[in-house]
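Undergrad: With the input below, show me the fold.
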Amino acid sequence: DKADMSGNVKWAIRANNKKYWSAAGVNIVCNCDNYSQPDCQFEAEWLGNQIALKTNKGTYISVKANGQLVTTGVELKDECKLEINLLNRPVLVLRCEHGFVGAKPEMVKSTGALVCNKSN
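TA: The predicted model follows:
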């Protein structure tokens, strides 16, 4: 994620082919090498247990019946609301405004607490 000058957080989503999602046209494709390009940055709107992704042009992303990701328009419709499921991933890396979130071994054993600004 990356914050712009107005404080809005932009997200870059990397696919398993190590390319980033790009919304250069109507379709969302995985062909972007540099996540700092405007077409590769998305805004996330959290809707409880769902999320809506918006392109840099202000259009929402939806999923067609065949599984293809497309931009739909500026109105938030039900088909634009997505669920995020983390499947088969042994490591989840979290980062906040103060740095990375991690566990200190001595704290996990005693309190189970996580700490911010963890460098490794």
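Undergrad: And stretch 35-42, end to end?
TA: 10 Å (CA to CA, to the nearest Å).
Undergrad: Same question for stretch 32-51.
TA: 22 Å.
Undergrad: If you count neighbours, what's buried in it?
TA: 32, 35, 39-44 (16 or more other CB atoms under 10 Å). Every residue, glycine included, has its C-beta placed from N, CA and C.
Undergrad: Kindly report the same for stretch 63-82.
TA: Quick answer for stretch 63-82 (16+ other CB under 10 Å): 69-72, 80-82.
Undergrad: Now do the end-to-end distance for it.
TA: First residue to last in stretch 63-82 (CA to CA) measures 9 Å.
Undergrad: Can you give me the pLDDT of the nearest residue to residue 30 once chain neighbours are set aside?
TA: Excluding its sequence neighbours, the residue lying closest to residue 30 (CB to CB, 6 or more residues apart in numbering) is residue 15, at 4.0 Å. Listed pLDDT for residue 15 reads 82.
Undergrad: before we move on, what about residue 41?
TA: 90.
Undergrad: what's around the residue nearest to it when sequence neighbours are not counted, how many residues?
TA: Nearest residue to residue 41, sequence neighbours excluded (CB to CB, 6+ apart): residue 10, at 3.9 Å. Using other CB atoms under 10 Å, residue 10 has 18 neighbouring residues.
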